[in-house]
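Trainee: mind looking at a prediction? Sequence and model below.
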Amino acid sequence: MSATRVLVLNSGSSSVKYQLLDMRDSSRLAVGLVERIGEETSRLKHTPLTGGGAESREREEPIADHEAALRAVADELAADGLGLDSPELAAIGHRVVHGGLKFTAPTVITDEVLKEIERLVPVAPLHNPANITGIRTAQALRPDLPQVAVFDTAFHTTMPESAARYAIDVQTADEHRVRRYGFHGTSHAYVSRETAKLLGKAPEDVNVIVLHLGNGASASAVRGGRCVDTSMGLTPLEGLVMGTRSGDMDPAVIFHLARVGKMSVDEIDILLNKKSGLIGLCGDNDMREIRRRIDEGDQEAALAFDIYIHRLKKYIGAYYAVLGRVDAVVFTAGVGENAAPVREAAVAGLEELGLAVDGALNSVRSDEARLISPEYARVAVAVVPTDEELEIATQTYALVGDRNA
Ligand SMILES: Nc1ncnc2c1ncn2[C@@H]1O[C@H](COP(=O)(O)OP(=O)(O)O)[C@@H](O)[C@H]1O
Ligand SMILES: CC(=O)OP(=O)(O)O
Ligand SMILES: [Mg+2]
C-alpha cells in the first residue's frame with residue numbers, strides 16, 4: 001500500500017493546528033485545532049473532510065500538554081479511519097519557526113537537527129520550544145515515521161547581507177548570531193508563487209510585496225521568486241504593528257523602560273511581545289472588533305487602526321524602493337484576506353506608485369486568489385489566501401516521498 005498521506009503540525013505555545021493531506025492530489029482529509037492546552041478548559045475542534053461530509057466535532061475538556069493534545073488528535077483521526085498508525089502515512093511535517101542560517105530547506109529531523117533547533121530557542125523563545133514539544137511528541141507516537149521540519153526562516157536566507165545585517169559591531173553580531181532572519185517564510189514563499197500564477201507569469205519574472213497580516217504580521221520583498229528583504233528580524237517582534245507585538249521602535253525604549261521605568265528585561269519582553277500592538281493601543285487584537293468599534297465612533301480604536309495602517313504604508317513604500325519595479329502588492333493571512341478596510345486604507349494615496357484598489361472588487365468575499373485593483377492600475381493589488389500547511393506538506397512529501405514505494 002502506498003504511503004501518500006502527510007500530517008502537518010503547527011505547534012504553538014498553547015495550541016496545535018493540524019491538517020492531514022493526501023499528497024496524490026493535495027486534498028485535505030481532516031483539519032483541526034487544539035487550543036488552550038494546559039489551561040482549565042482546552043478546546044479541540046476536528047473536521048473530517050472525507051466522504052463529502054464536513055461535520056466538525058468539538059469538545060471542551062482539560063488537555064494537560066502537547067502529548068495529550070496529540071493523542072487526542074490521533075483518537076479523532078482514528079475515529080474517521082484516518083489513524084496515525086496507518087501504513088498510508090508517509091511522514092509528519094512540522095512548522096518550525098526559527099532555523100537560523102543553518103536550515104535553508106526542509107530537513108528530516110535527527111537528534112542533531114533537534115539539538116540545533118533547541119540552540120535557537122534564545123532567539124525564538126515564543127515559538128521554538130512549542131515546535132520542539134510537538135516534534136518530540138510526534139516522535140514518541142510514531143518513532144518509525146520520518147519527521148520533517150519546515151522552517152519559517154528558510155525562504156528568507158536568500159536576503160543579501162545589505163538587508164540581513166544590522167548596523168552594529170560585526171564581531172558582536174557574529175558572536176551572538178544577531179541578524180535579520182525573518183519569519184512566515186513558508187507563507188511568503190507560497191503566496192508569492194501563487195501571485196505569479198494569478199498574473200499568468202513565472203515566479204522568476206515577477207516582483208511582489210507580500211503582506212502577511214495575521215495576529216503575527218510581516219511584509220516581504222520578493223524579486224523573481226527570491227526574498228530580498230522582510231520586516232521581521234532576529235525575532236518575530238520587529239516590523240509591522242501586530243495583534244500583540246509592537247513592531248518597529250527605537251531600541252532605546254528598552255533602555256528607558258529598564259533604567260527609568262525600573263522594568264526587568266522579562267517584563268519588557270512581555271510588554272512588547274504580548275501587551276503591545278493593537279491590544280496595547282486599544283485593548284483589542286481582533287481586527288473585526290476594532291472595525292466594529294470604529295464604526296461606532298470609538299476614537300481609541302480609530303487611532304490604533306491609523307497607527308497600524310501608517311506602518312503598513314511605510315513598508316509598502318520601502319519595499320517599492322528596494323525592488324525598483326513592483327508587479328503586485330498582495331494581502332494574505334487572517335486580516336489580509338478578510339479585512340477589506342485594511343486593504344483599502346493601506347493602498348489609499350499611493351496612486352502615484354501605480355497602486356489602487358477597486359471598491360467593488362475589494363468588497364467581494366471569497367476564498368480564492370483574486371485581483372482587487374482596477375484594470376488601469378499599473379501595479380496589481382491582490383488577495384491570495386495563504387496555506388502554510390499545504391506548503392509544509394508539499395515540501396515534506398517532496399523530501400521523503402512514498403516510503404512504501
Ligand atoms: N473576517 C475578518 N475580518 C477582519 N479580521 C479578521 C477576520 N477573520 C480573521 N481576522 C483576523 O485574523 C487574525 C488571525 O489571523 P491568522 O492569520 O489566523 O493569525 P495567526 O496565524 O497569526 O494566529 C485575527 O486576529 C483577526 O484579527
Ligand atoms: C512568526 C510568527 O509570528 O508566527 P505566528 O504569526 O504564527 O505567531
Ligand atoms: Mg499564522
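Mentor: Received the coordinates, thanks. Ligands and ions are numbered 1, 2, ... in the order given.

Trainee: OK, contacts around the residue of the chain found nearest ligand 1?
Mentor: As assessed by C-beta to the nearest ligand atom, ligand 1 sits closest to Gly334 within the chain, at 2.0 Å. All C-beta atoms are positioned from the backbone trio N, CA, C, and that covers glycine. Residues in contact with Gly334 (C-beta atoms under 8 Å, 6 or more residues apart in numbering) are Leu213, Gly214, Asn215, Met287.

Trainee: by neighbour count, which of these wins?
Mentor: Leu213 (27 neighbours; other C-beta atoms under 10 Å).

Trainee: if we can go back for a sec, angles on the backbone of the residue of the chain closest to ligand 1, please.
Mentor: phi -50, psi -50 (degrees, to the nearest 10).

Trainee: return the distance of it relative to Ala149.
Mentor: Counting by C-beta to C-beta, to the nearest Å, the separation of Gly334 from Ala149 is 24 Å.

Trainee: the residue of the chain closest to ligand 1 and Ile279, how far apart?
Mentor: 15 Å.

Trainee: so where's the protein uncertain?
Mentor: Residue ranges of the chain with pLDDT under 70: 52-54.

Trainee: please enumerate the strands of it.
Mentor: Taking DSSP state E as the test, the strands found in the chain are 5-11, 15-22, 27-35, 42-48, 57-61, 89-96, 107-108, 147-151, 207-213, 217-223, 226-230, 328-332, 370-371, 380-383.

Trainee: for those, could you give me a markdown table that also reports distance to Ala348?
Mentor: Below are these laid out as a markdown table (distance: least, C-beta to C-beta, whole Å):
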| stretch | distance to Ala348 |
| --- | --- |
| strand 5-11 | 33 |
| strand 15-22 | 33 |
| strand 27-35 | 34 |
| strand 42-48 | 37 |
| strand 57-61 | 40 |
| strand 89-96 | 34 |
| strand 107-108 | 42 |
| strand 147-151 | 35 |
| strand 207-213 | 14 |
| strand 217-223 | 17 |
| strand 226-230 | 23 |
| strand 328-332 | 13 |
| strand 370-371 | 17 |
| strand 380-383 | 11 |
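
Trainee: how about those strands in a markdown table, adding distance to ligand 1?
Mentor: What follows is these, written out as a markdown table (distance: least, C-beta to the nearest ligand atom, whole Å):
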| stretch | distance to ligand 1 |
| --- | --- |
| strand 5-11 | 8 |
| strand 15-22 | 8 |
| strand 27-35 | 10 |
| strand 42-48 | 14 |
| strand 57-61 | 18 |
| strand 89-96 | 10 |
| strand 107-108 | 23 |
| strand 147-151 | 15 |
| strand 207-213 | 7 |
| strand 217-223 | 7 |
| strand 226-230 | 16 |
| strand 328-332 | 8 |
| strand 370-371 | 16 |
| strand 380-383 | 12 |
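
Trainee: so how far is His176 from the residue of the chain closest to ligand 1?
Mentor: Gly334 is 33 Å from His176, by C-beta to C-beta.

Trainee: swap in Phe183?
Mentor: For Phe183, the distance to His176 - C-beta to C-beta - is 19 Å.

Trainee: so who does Leu141 touch?
Mentor: Contacts of Leu141 by C-beta under 8 Å, 6+ apart are Leu70, Arg71, Ala74, Leu84.

Trainee: need the contact list for Pro129.
Mentor: Ser13, Val121.

Trainee: if you could redo that for Glu344, that was the one I meant.
Mentor: Each residue near Glu344 by C-beta under 8 Å, 6+ apart is listed here: Val357, Gly359, Asn362.

Trainee: pull out the buried residues from those residues.
Mentor: Burial by neighbour count, 16 or more other C-beta atoms under 10 Å: within these this picks out Val357, Asn362.

Trainee: may I see the contacts of Glu344 arranged in JSON lines, with distance to Tyr315 as well?
Mentor: Listed next are these as JSON lines, based on distance: C-beta to C-beta, whole Å:
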{"residue": "Val357", "distance to Tyr315": "17"}
{"residue": "Gly359", "distance to Tyr315": "23"}
{"residue": "Asn362", "distance to Tyr315": "20"}
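
Trainee: is ligand 2 contacted by stretch 385-400?
Mentor: No - using C-beta under 6 Å from any ligand atom, stretch 385-400 never reaches ligand 2; the gap is at least 8.4 Å.

Trainee: so is that stretch next to ligand 1?
Mentor: No - Stretch 385-400 does not reach ligand 1 (C-beta under 6 Å from any ligand atom); its nearest approach is 7.4 Å.

Trainee: returning to that earlier point: Met159: which of the strands of the chain is closest?
Mentor: Closest approach to Met159 among the strands of the chain is made by strand 226-230 (5.8 Å; C-beta to C-beta).

Trainee: could you check how far the spatially closest residue to Ala124 that is not a sequence neighbour is from Val108?
Mentor: Nearest non-adjacent residue to Ala124, counting by C-beta to C-beta, 6 or more residues apart in numbering: His98, 3.5 Å away. Noted for His98: a distance of 18 Å to Val108, by C-beta to C-beta.

Trainee: tell me which of those two has more neighbours.
Mentor: Using other C-beta under 10 Å as the criterion, His98 and Val108 rank with His98 on top: 25 against 13.

Trainee: I'd say the more buried one and Asn128 touch.
Mentor: Yes - look at His98 against Asn128 with C-beta atoms under 8 Å: they come within range, at 5.3 Å.

Trainee: need the overlap of contacts for these two.
Mentor: Taking C-beta under 8 Å, 6+ apart as the criterion, His98 and Asn128 both touch Ile117, Leu120.

Trainee: which residues touch the residue nearest the centre of the chain?
Mentor: In the chain, the residue lying closest to the centroid (C-alpha atoms, centre = their mean) is His184, at 3.9 Å. Counting by C-beta under 8 Å, 6+ apart, His184 touches Asp152, His212, Gly214, Gly216, Ser218, Ser220, Met232, Ala333.
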